[in-house]
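Enquirer: here are the coordinates; sequence isn't available:
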């Protein structure tokens, strides 16, 4: 069976020869077998291309939302510092 690995900004279609609830064993690019967790902070495995694509979209949107909150927090702190006056 084939599954899709979403990793960074790409999706790889790989042949999976064994699957457990938490791991997959697949044929690597050299023709050998590798075992990986289904989900890590770097990649995730999916049954369809669309699921893999949505996982990447969700991951990138989460990163954007986090950075927006950090920027808002930094702007708030900048405004506090700009409002400081000598007593």
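Expert: Perfect, I can see it now. Note that the structure is a prediction, hence the values are computed from the model and not measured.
Enquirer: Tell me which residue is most central in this protein.
Expert: Nearest to the mean C-alpha position of the chain, by CA atoms, centre = their mean, lies residue 59 at 4.7 Å.
Enquirer: Pull out the buried residues from the strand or helix carrying it.
Expert: In this assignment (DSSP states H and E), residue 59 forms part of helix 49-82. Applying a neighbour-count criterion of 16 or more other CB atoms under 10 Å, one finds 52, 55-56 buried in helix 49-82. From N, CA and C alone the C-beta is placed, and that goes for glycine too.
Enquirer: For that helix, name the packing helices and strands.
Expert: Using 3 or more CB pairs under 8 Å, 6 or more residues apart in numbering; DSSP states H and E as the contact test, the elements touching helix 49-82 are strand 2-7, strand 10-19, strand 43-46.
Enquirer: Report the rounded mean pLDDT for the second one.
Expert: Spelled out, that is strand 10-19. For strand 10-19, the mean pLDDT works out to 98.
Enquirer: who does that strand touch, helix- and strand-wise?
Expert: strand 2-7, strand 23-27, helix 49-82.
Enquirer: Columns distance to residue 37 on top of those, output as TSV?
Expert: Formatted as TSV, these follow (distance: least, CB to CB, whole Å):
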stretch	distance to residue 37
strand 2-7	11
strand 23-27	6
helix 49-82	14
